[in-house]
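Student: Kindly generate the corresponding structure for this input.
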Amino acid sequence: MKTIFILADSTNRRFLNMYGSEHPALTPNLDRLAARGTVFDNHWCGSAPCMPARRDILTGRLNFLEKPWGGVEPFDQTLPALLRTRNVFSHMVTDHYLYLHVGGENYWNDFTSHEIIRGQEFDSLHMPAGREGIVAQQRPEGYKGIYSQEHDETYSRFASEEEYPSPVTMSKAAQWLERNAEADNFMLWVEGFDPHEPFDVPQKYIDLYREEDGDTYEGQPCYWPEYRKNMFTDEETRHLNVRYKALLTMTDHYIGKIFDVLDRHSLWDDTMVIFTTDHGYMLGEHGYMAKNYMPAYNEVFHIPLVVWHPQARVRRFAGLTQNIDLFPTILGQFGVDLGQLHYPIHGKDLMPALTGEAESLRDGILYGYFGKSVNYTDGRYTYLRAAKDESNRPLSVYTAIPTTLRQYYGVGCIAPQDYAQIGFGRLPWTDYPVYRFPADIIAFHNPSQEYSRRSEHNAETALYDLETDYAQEHPINDAALEERCIEGLRRCMEQCQAPAEQYERLGL
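Tutor: Now for the predicted structure:
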């Protein structure tokens, strides 16, 4: 058996034809996979953003109730490590450069082989030294949005789109598959950073949409939204939507190269192919841009999943599924014994959904960001449960790897006089000792993800009917329905072995 896992970062399902988009991006290759495989209509991210989502997939457990962005833990049993017990070769190719930063530890180590493509976002690969040391960022006059001179230095070197990091990633994955087409018992893990921002994409892809989408923007480069309320004009917002669709189309084009290899070698007959994302992205909905700081709206957490399996009989699956389900599904394809796991997982094998043996795998799920609202859906209603008060306490980070996004839980993050408050604790599901960092002493340097207090954007508990109000514009005031959702939320938290303090923080 062979498995190909493809993740395109920040893919918003509202732009996909397979999900009935009113203004879809051109994605002929994803449409090609959807026509062949099973489309999951009620698939959700669990932990967000990037690294928490990846840890969910690689371990089969939700982690956002225990810690924010951070590395794979020493007590985690990862997907590629478990595949090795069945002599399965695993190869990763990705341009998700954050694997190389502090807070991205141990994600790729267990793969049999890996290749990480450089050059995305703030990667300083080609940044020169200045006459006096580190070059000061020279933000262009009139420029709106996030600016990175590192990005400009890298992208100015490209002679063609084939040199962009995500096209390189997909092309290298296709080449690896071509070289190993006669092999068996392997997993090819492919991650494209695109369509993650910045939406810097060749003009030919932008031109596919400008006229149809009414994009009249002319001016300074406008391709990198800040993580804050929408500061762009309506004209600029339309342009950003066009650029996002353009980048999604370019990503789709190079994903197609992998499918072409499958066609040439008739590999569909004994290969499972998975396409998904880590989370979605907001482009002006509810007045927000990007992710992380706003309520956990559908645009970020209700995500695409398409699976091709030679034994599948179901074209669309309506039951609730989540990214943690990919862990037992892939392991099951290779006959990995889950009895060797040291802890219970939260994921469910998708094979009964694919073959038609089951119409439902679960009756509710949890999702969210660390230290923000904890969110529940039963597939019909979504319930966003805010912290009970502004203090957002009690709240602690539990980890044996004291790192987070681009920083250690040490110098510059915690004052020396507060070191004495760092203690040891236990998670409910493992006897491995972990550090317990009270949130009160942590200076988290990423403002979109910080949890020092309950933010103004996450102050209200809200309940929505997805059937009549999918856009989540009209909260419901129904005490009996809310109580039913609270019980579902509590039940899922118990199933996921949430730290006890989370119940208190939420007023449960």
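
Student: Skipping its backbone neighbours, what lies nearest T329 in space?
Tutor: In space, and not counting its chain neighbours, T329 is closest to L350: 4.3 Å by C-beta to C-beta, 6 or more residues apart in numbering. Just so you know, the C-beta spots here come from the backbone N, C-alpha and C atoms, and that holds for glycine as well.

Student: Just list the residues touching that neighbour, thanks.
Tutor: 307, 321, 325-326, 329, 361 (C-beta atoms under 8 Å, 6 or more residues apart in numbering).

Student: Check V434 too.
Tutor: 73, 398-400, 424-427.

Student: beta partners of it?
Tutor: The bridge-partner assignment for V434, based on DSSP bridges, gives G425.

Student: Could I get the full set of helices for the stretch 1-150 of the chain?
Tutor: 28-36, 50-59, 79-84, 149-155 (DSSP state H, counting those that start in this stretch).

Student: Give me the neighbour count for the residue lying closest to T321 once chain neighbours are set aside.
Tutor: Distances taken as C-beta to C-beta, 6+ apart place H43 nearest to T321, at 4.7 Å, with adjacent residues excluded. Other residues near H43 come to 25 when the count uses other C-beta atoms under 10 Å.

Student: Repeat that for L16.
Tutor: 21.

Student: which residues does it contact?
Tutor: 24-25, 27, 30, 304.

Student: So which residues make contact with stretch 149-166?
Tutor: 95, 117-128, 135, 137-138, 167-168, 171, 192-194, 198, 200, 202, 250-251, 254.

Student: mind redoing it with 6 Å?
Tutor: Residues outside stretch 149-166 that contact it (C-beta atoms under 6 Å, 6 or more residues apart in numbering) are 95, 117, 119-120, 122, 124, 126-127, 137, 167, 192-194, 202, 251.

Student: now swap in stretch 462-482 and tell me
Tutor: Stretch 462-482 is contacted from outside by 297, 380-384, using C-beta under 6 Å, 6+ apart.

Student: With stretch 135-143 instead?
Tutor: 147, 149, 220.

Student: Now do the last one: how many residues are near it, please.
Tutor: The one in question is Q220. Residues near Q220, counting by other C-beta under 10 Å, number 13.

Student: so what's it up against?
Tutor: 142-143.

Student: and if you look at the one 3 residues further on?
Tutor: Contact partners of Y223, counting by C-beta under 6 Å, 6+ apart, are 198-200, 243.

Student: Tell me the secondary structure at it.
Tutor: coil (DSSP: H, G, I helix; E, B strand; the rest coil).

Student: What distance do you get for it to L283?
Tutor: Separation of Y223 from L283 (C-beta to C-beta, to the nearest Å): 12 Å.

Student: what is in contact with these two at once?
Tutor: Common contact partners of Y223 and L283 (C-beta under 6 Å, 6+ apart): none.

Student: quick one, phi/psi of R316?
Tutor: With angles defined as degrees, to the nearest 10, R316 sits at phi -140, psi 140.

Student: thought it was touching V39?
Tutor: Yes - using C-beta atoms under 6 Å, R316 is in contact with V39, at 5.0 Å.

Student: quick one: which of the two has more around it?
Tutor: The neighbour comparison of R316 against V39 (other C-beta under 10 Å) goes to V39, with 20 against 11.

Student: Specify the beta-bridge partners of the more buried one.
Tutor: Beta-bridge partners, per DSSP bridges, of V39: V306, R316.

Student: how close does it get to V336?
Tutor: 26 Å.

Student: what's the answer for Q421, then?
Tutor: From Q421 across to V336, the span is 41 Å (C-beta to C-beta).

Student: So these two - more neighbours on which side?
Tutor: For Q421 versus V336, the count of surrounding residues by other C-beta under 10 Å is larger for V336: 19 against 13.

Student: where does the stretch 1-150 of the chain dip in pLDDT?
Tutor: Along the stretch 1-150 of the chain, no part satisfies pLDDT under 70.

Student: hmm, 90 instead?
Tutor: Residue ranges of the stretch 1-150 of the chain with pLDDT under 90: 130-131, 136-139, 141-142.

Student: Tell me who's in contact with G130.
Tutor: G130 sits next to no residue when contact means C-beta under 6 Å, 6+ apart.

Student: If you could redo that for H126, that was the one I meant.
Tutor: 153-154.

Student: One more: Q322?
Tutor: Per C-beta under 6 Å, 6+ apart, neighbours of Q322: 44, 46, 365.

Student: Most neighbours among those, which one?
Tutor: Of the contacts of Q322, with other C-beta under 10 Å as the count, I365 tops at 28 neighbours.

Student: give me phi/psi at that residue?
Tutor: phi -140, psi 160.

Student: so what's it up against?
Tutor: Going by C-beta under 6 Å, 6+ apart, I365 touches 44, 320, 322, 377.

Student: Distance of it relative to D465?
Tutor: I365 is 17 Å from D465, by C-beta to C-beta.

Student: A strand includes W189, no?
Tutor: Yes - assigned with three-state DSSP, W189 falls within a strand.

Student: So if we follow the domain assignment, how does the chain break up?
Tutor: 2-131+145-355, 365-505 (automatic domain parsing).

Student: end-to-end on the first one?
Tutor: From its first residue to its last, domain 2-131+145-355 covers 18 Å (C-alpha to C-alpha, to the nearest Å).

Student: Shouldn't F275 be within a strand?
Tutor: Yes - looking at F275 with three-state DSSP, it is inside a strand.

Student: per-residue confidence for it?
Tutor: Listed pLDDT for F275 reads 99.

Student: so how far is Y503 from it?
Tutor: Separation of F275 from Y503 (C-beta to C-beta): 36 Å.

Student: So which of these two has more stuff around it?
Tutor: Set F275 next to Y503 and count neighbours by other C-beta under 10 Å: F275 wins out with 25 against 16.

Student: quick one: buried residues of stretch 248-267?
Tutor: Of the residues in stretch 248-267, 248-259, 261-262, 267 count as buried by neighbour count, 16 or more other C-beta atoms under 10 Å.

Student: Ignore what I typed, I meant stretch 473-492.
Tutor: For stretch 473-492, by 16+ other C-beta under 10 Å, it's 482, 485-486, 488-490, 492.

Student: Distance to A53 for those residues - can I get that in CSV?
Tutor: Converted to CSV, those look like this (distance: C-beta to C-beta, whole Å):
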residue, distance to A53
E482, 28
C485, 24
I486, 26
G488, 22
L489, 20
R490, 24
C492, 18
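
Student: so which of these comes closest to W176?
Tutor: Taking C-beta to C-beta as the measure, W176 lies nearest C492 of these, at 38.4 Å.

Student: and the spatially closest residue to that closest one that is not a sequence neighbour, which of the three is it?
Tutor: Nearest in space to C492, with sequence neighbours left out and distances taken as C-beta to C-beta, 6+ apart, is L366 at 4.6 Å. Under three-state DSSP, L366 falls in the strand class.

Student: How about L366: which residues does it bridge to?
Tutor: Y376.

Student: and the gap between it and L341?
Tutor: Distance from L366 to L341, by C-beta to C-beta: 20 Å.
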